[in-house]
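Colleague: One predicted model, sequence on top.
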Amino acid sequence: MTTQQSNPAQFVDVTVHDDIVTAVPVGPSIGEREANIINEHVADVMTPLGKALRALVLDMSKIDYMPSVGIGMCVDLHNRAKAAKAPAIIVGLNENLTQLFTMLKLTRVFKLVADDVALDKEMSRLK
């Protein structure tokens with residue numbers, strides 16, 4: 001029996017610019033398999049930055065559906081950012097996911113921004 005390895009790039013595009021990590025999960029949903037791979041890959045990018053990490057941006061504009069494992073992934077990544085004293089910002093949630101994050105009171109944990117314009121404004125505050 002062979003074990004099949006997954007390429008993290010299939011599930012998330014991660015970039016680092018000015019010590020800001022931006023992760024863009026590939027949609028349309030984040031299930032258990034994707035959540036684990038995304039979480040591990042983003043954490044691997046964040047860890048070497050340590051306290052130099054300025055922010056974690058999760059761009060969810062390509063995600064239509066996210067069960068509890070996807071939300072758990074977001075919370076875990078938030079906790080990693082918080083350990084580095086960096087904010088976790090989520091951009092591009094659709095209406096249903098925004099309502100879910102609000103209902104779960106995750107707006108207390110994450111800064112939610114609607115689009116790239118609002119994200120740019122939020123990023124300017126970090127400088």
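Modeller: Yep, that arrived. Only a predicted model underlies this, so the values are computations on that prediction, with no experimental measurement involved.

Colleague: Quick check on Leu112: phi, psi?
Modeller: The phi and psi values for Leu112, taken as degrees, to the nearest 10, are phi -100, psi 130.

Colleague: Next one: it, what pLDDT does it get?
Modeller: Reported pLDDT at Leu112 in the predicted model: 96.

Colleague: who are the neighbours in contact with it?
Modeller: Neighbouring residues of Leu112 by C-beta atoms under 8 Å, 6 or more residues apart in numbering: 89-91, 93, 98, 101. (C-beta placed from N, C-alpha, C; glycine too.)

Colleague: Kindly recompute the last result at 7 Å.
Modeller: By C-beta atoms under 7 Å, 6 or more residues apart in numbering, Leu112 lies in contact with 90, 93, 98, 101.

Colleague: which non-adjacent residue is nearest the second one?
Modeller: Spatially, and ignoring its direct neighbours in sequence, Leu93 is nearest to Met60 (5.1 Å; C-beta to C-beta, 6 or more residues apart in numbering).

Colleague: Would you confirm that the one you found contacts Ile89?
Modeller: No. In this structure, Met60 is not within contact of Ile89 by C-beta atoms under 7 Å, at 10.7 Å.

Colleague: Determine the set of other helices and strands touching the lowest-mean-pLDDT helix or strand in the chain.
Modeller: For the chain, using mean pLDDT, DSSP states H and E, the weakest element among its helices and strands is helix 116-124, scoring a mean of 93. On a contact count with 3 or more C-beta pairs under 7 Å, 6 or more residues apart in numbering; DSSP states H and E, helix 116-124 meets strand 88-91, strand 111-113.
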